[in-house]
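Colleague: Predicted model follows, preceded by the sequence.
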Amino acid sequence: MGHCESLVGLRVARETPIPGTELVIQKGKKVRGDHILALRKASVAGVEIDETEIEGAFAAADIVDPETGEVLLEANEELSPRVMTMAQEKGVEFIDVFFPSATRLARCCRSRSRRTRFAPTRRR
């Protein structure tokens, strides 16, 4: 998955050094365009975005319980704290999201329970 320009302006959840560069995205700081370029060049798989950044996000695809197949939230519905808690409890690994209020879609952004990401990374 490519790095998503729609991440520009979102805050990272933890300090993120970019390999092969002197760039470090500090915890709580916003992603910049030069970060995206450096992440692409360094082939970084993902960056964890702060959970507060998902406000106003909608599901780009159905959110499904991996064990039962139950649909927790249908695509194009707004994410709520309740749905995020359910997804975390059910072990949903990623949630594709988009932001309809933004001029750009964040379809490549993902949320792992409470944290939005643009590419898969392992939970610690």
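Modeller: Yep, that arrived.
Colleague: By mean pLDDT, flag the weakest helix or strand of the protein.
Modeller: Within the chain, confidence by mean pLDDT, DSSP states H and E is lowest for strand 115-117 among all helices and strands, at a mean of 40.
Colleague: Now stretch 16-23: average pLDDT?
Modeller: When pLDDT is averaged along stretch 16-23, the result is 92.
Colleague: what's the answer for stretch 44-62, then?
Modeller: Mean pLDDT, computed over stretch 44-62, is 79.
Colleague: Can you report how many residues lie near H35?
Modeller: Close neighbours of H35, defined as other Cβ atoms under 10 Å, add up to 23. Quick note: C-beta positions are derived from backbone N, CA and C, even for glycine.
Colleague: what about the strands in this structure?
Modeller: If you assign secondary structure with DSSP state E, the strands in the chain sit at 16-17, 24-25, 48-49, 58-59, 63-64, 71-73, 95-98, 110-112, 115-117.
Colleague: who wins for proximity to Q88 among those strands?
Modeller: When these are compared for distance to Q88 using Cβ to Cβ, the nearest one is strand 110-112, at 8.6 Å.
Colleague: before we move on, back to that, and the strands of the chain: which comes nearest G33?
Modeller: For those, proximity to G33 was assessed by Cβ to Cβ; strand 24-25 is nearest, at 12.1 Å.
Colleague: Neighbouring strands of that closest one in the sheet, and parallel or not?
Modeller: strand 16-17 (antiparallel) (DSSP bridges).
Colleague: Other residues contacting the strand it pairs with?
Modeller: Counting by Cβ atoms under 8 Å, 6 or more residues apart in numbering, the neighbours of strand 16-17 from elsewhere in the structure are 23-25, 47-48.
Colleague: nearest to T85, of those residues?
Modeller: Using Cβ to Cβ, E48 comes nearest to T85 of the contacts of strand 16-17, at 18.3 Å.
Colleague: I figured the closest one hits A13, correct?
Modeller: Yes. Here E48 lies in contact with A13, judged by Cβ atoms under 8 Å, at a distance of 4.3 Å.
Colleague: show me where the protein has helices.
Modeller: Secondary structure of the chain, counting by DSSP state H: helices at 33-41, 81-90.
Colleague: Could you provide the ones you listed in JSON lines, with additional columns for distance to P19 and mean pLDDT?
Modeller: Supplementary listing: the helices of the chain in JSON lines, determined by distance: least, Cβ to Cβ, whole Å; pLDDT from 0 to 100:
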{"stretch": "helix 33-41", "distance to P19": "9", "mean pLDDT": "90"}
{"stretch": "helix 81-90", "distance to P19": "29", "mean pLDDT": "87"}
